[in-house]
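S.K.: compute the structure for the input listed below.
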Amino acid sequence: MKVNALLIFINKISQKVYSKSSSSKYFHDQIEDVVGRKPSPKSGCIKLQSGQFLMDISDILKRWSQYVEELFDDVRGPRPPIRNNEGPPIMEEVKNAIRKMNHNKAAGPDEIPIELFDALNETCLVHFTELLNFIRFEKNQYS
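M.R.: Have a look, this model is predicted:
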């Protein structure tokens, strides 16, 4: 009796699937309704390195904590400081940096438009380079 009912049901679903009006999603949904969802295998336990199994949730949490600590344990010393072996910027570098900046844009927080720097003559550029070097030196002294 059950086998006949199942065969009738399968034939009915097959006809709907092969008809143009329904999709294979309908077929899968119907099978899922009949068979039901199968739970994924979850044991709820953890195997230790020694081969023992932990079943208690607090023991499992402790083991996860140990695992993460071992995973991210960093035994290296502190990073060596990075030394700037370059000298202070020279006037040509300042000139190139000014030339590469975007023109006709809104001024930044200092409210100085780039066109002002672009208009500097050689004498002003020398003083501007000296100012940048002074700022760089002061920053390195107190940081």
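S.K.: C-alpha from now on. contacts and neighbour counts both.
M.R.: Noted.
S.K.: which residues touch Pro113?
M.R.: Lys105, Ala106, Ala107 (Cα atoms under 8 Å, 6 or more residues apart in numbering).
S.K.: if you set the cut-off to 10 Å instead, what comes out?
M.R.: Counting by Cα atoms under 10 Å, 6 or more residues apart in numbering, Pro113 makes contact with His103, Asn104, Lys105, Ala106, Ala107.
S.K.: and what of Arg136?
M.R.: Arg136 makes contacts with Pro88, Pro89, Glu130, as judged by Cα under 10 Å, 6+ apart.
S.K.: same deal with Ala5?
M.R.: The neighbours of Ala5, taking Cα under 10 Å, 6+ apart as the test, are Asn11.
S.K.: redo that, cut-off 8 Å
M.R.: Ala5 neighbours (Cα under 8 Å, 6+ apart): none.
S.K.: tell me the SS of it?
M.R.: Recorded secondary structure, Ala5: helix (DSSP: H, G, I helix; E, B strand; the rest coil).
S.K.: for Tyr26, see how far away it is.
M.R.: Here the criterion is Cα to Cα, to the nearest Å. By it, Ala5 lies 19 Å from Tyr26.
S.K.: could you list the buried residues of stretch 104-121?
M.R.: Ile114, Glu115, Phe117 (16 or more other Cα atoms under 10 Å).
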